[in-house]
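> sequence first, predicted coordinates after that:
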Amino acid sequence: KVLQTDRQVLQKNRKVLQTNRKVLQTDRKVLQTNRKVLQTDREVLQTDRKVLQTIREVLQTGRKVIKTDREVLQADRKVLQTNRKVLQTDREVLQTDRKVLQTDRKVLQTIREVLQTGRKVIKTDREVLQADRKVLQTNRKVLQTDRKVGLLRTAK
């Protein structure tokens, strides 16, 4: 009965491990996607810097373009603000992913400990069974001896 329970626990642990592996795999994919998003954000920021440089050059060409330049700067500020929000969101996602990974590691460690305990229990159960067999064997010998002694007494 204990062995059956141990087997069931081991089977459930294997399923949990498999689920955790899938979760880890999904987390890795999310991290990879976040890295790509961050790379794109960097490229957009680099492009924004180039646009700002161009705007400075246009401002130097004359006062007639100043009104248009201000509108472009306004648009650039909105893009930068949006980019900052995207970067902040990416940081939060990465932080959440780290927490999930940390939790997954703790869960895996717990599963390892449970499996190790299960193995120890199985080992102990085997030792107990072996000891029980020895006791049964000894009891048989004692019964055999008792019968022989009983036969000897009857014969006398």
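Arrived safely. On a predicted model such as this, the values are computed, not experimentally measured, just so you know.

> how about stretch 24-41: buried residues?
Asp27, Asn34, Asp41 (16 or more other CB atoms under 10 Å). For every residue, glycine as well, the C-beta is placed using N, CA and C.

> check contacts around the second one.
Pointing back at Asn34 there. Residues in contact with Asn34 (CB atoms under 8 Å, 6 or more residues apart in numbering) are Asp90, Val93, Leu94, Asp97.

> at 7 Å what do you get?
Residues counted as contacts of Asn34 (CB atoms under 7 Å, 6 or more residues apart in numbering) are Asp90, Val93, Leu94.

> which helix or strand contains the second one?
With secondary structure defined by DSSP states H and E, Val93 is part of helix 66-155.

> quick check, distance from that helix to the centre of its chain.
11 Å (CA atoms, centre = their mean, to the nearest Å).

> what's it packed up against?
Judged by 3 or more CB pairs under 7 Å, 6 or more residues apart in numbering; DSSP states H and E, helix 66-155 is in contact with helix 2-61.

> okay, now Gln60: neighbour count?
Residue neighbour count, defined by other CB atoms under 10 Å, stands at 8 for Gln60.

> any stretches of this protein with poor pLDDT?
59, 63-66, 156 (pLDDT under 70).

> assess the claim that Gln73 and Ile55 are in contact.
Careful, residue 73 is Leu and not Gln. Yes - if you go by CB atoms under 7 Å, Leu73 and Ile55 touch, sitting 6.2 Å apart.
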